[in-house]
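# no sequence on this one, just coordinates:
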């Protein structure tokens, strides 16, 4: 029986019929990782550019409507309406409007105020829309987004909060026109 087995094992060792399967098994996980990461990155870029565009258009409307001081909810509704691709925008977005002195600039905090579904609901952080004429205002919006593939590729490596969402932040500045 061993004499019949030895030639069969030699023939099996010389056979090249399974090489494509081995190459596929080695390359497929890397290609799948790249595919999932590129889809995730494309959607993140789309959502971020739409948020930035909505911020630009909304700030332009605020600048052009001299004498009208829009309230927090109005600005948030405009941003959500114009952003388009952000799910549950009104619950997942937090706005911050700060008056800054350009002659005594101390900068903004690095961490934007964002919502977190895993924590208690926090009130509006800072929203000052009653600034004087010619005041420099900074409007910052932070929207929380659910990753498409939270356990694979780029979605796994994003910095997420306790609810598994990551932050998209858009910042714009404008000068409060005289009334």
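Ah, there it is. What you see is a predicted model; the values in this text were computed from it and never measured.
# roughly how far apart are residue 23 and residue 10?
Distance of residue 23 to residue 10, given as CB to CB, to the nearest Å: 23 Å. C-beta here means a position set from N, CA and C on the backbone, and glycine is covered the same way.
# next one: residue 76
74 Å.
# dump the residue contacts of the nearest residue to residue 171 once chain neighbours are set aside.
Counting by CB to CB, 6 or more residues apart in numbering, residue 140 is the residue found nearest to residue 171 once chain neighbours are left out, at 4.7 Å. Going by CB atoms under 8 Å, 6 or more residues apart in numbering, residue 140 touches 95, 96, 97, 98, 108, 112, 113, 169, 170, 171, 172.
# Would you mind measuring from residue 140 to residue 43?
22 Å.
# try residue 22
Distance, residue 22 to residue 43, by CB to CB: 33 Å.
# And the two? Which one has more around it.
residue 43 (17 against 9; other CB atoms under 10 Å).
# dump the residue contacts of that one.
Residue 43 touches 85, 148, counting by CB under 8 Å, 6+ apart.
# Sticking with it, tell me its helix or strand.
helix 19-64 (DSSP states H and E).
# Tell me which helix or strand comes right after that helix.
Counting by DSSP H and E, what follows helix 19-64 is helix 72-83.
# Quick one: mean pLDDT over that next one.
The average pLDDT for helix 72-83 rounds to 89.
# And stretch 165-179, by the same measure?
Stretch 165-179 comes out at a mean pLDDT of 83.
# how far does it sit from the chain's center?
16 Å (CA atoms, centre = their mean, to the nearest Å).
# where in this protein is pLDDT low?
Across the chain, the ranges flagged by pLDDT under 70 are 1, 66-69, 116-133, 177-179.
# and the angle from the helix holding residue 43 to helix 72-83?
Inter-element angle recorded for helix 19-64 and helix 72-83: 140 degrees (by axes from the mean of the first three to the mean of the last three CA atoms, to 10 degrees).
# re earlier: now for the contacts of residue 140: which two are most distant?
Farthest apart among the contacts of residue 140 by CB to CB are 113 and 172. That separation is 15.6 Å.
# what's the neighbour count on residue 170?
Using other CB under 10 Å: residue 170 sits among 24 other residues.
# and if you look at the one 5 residues further on?
Each residue near residue 175 was counted by other CB under 10 Å, and the total is 13.
# Could you number the chain from 58 rather than 1 from now on?
Sure, I'll start numbering at 58, so the last one becomes residue 232.
# picking that back up, now rank the contacts of residue 197 by neighbours and give me the top one.
residue 227 (24 neighbours).
# Look up how far residue 215 lies from the closest residue to it other than its chain neighbours.
Spatial nearest neighbour of residue 227, chain neighbours left out: residue 112 (4.2 Å); criterion: CB to CB, 6+ apart. Plainly put, residue 112 is 21 Å away from residue 215 if you go by CB to CB.
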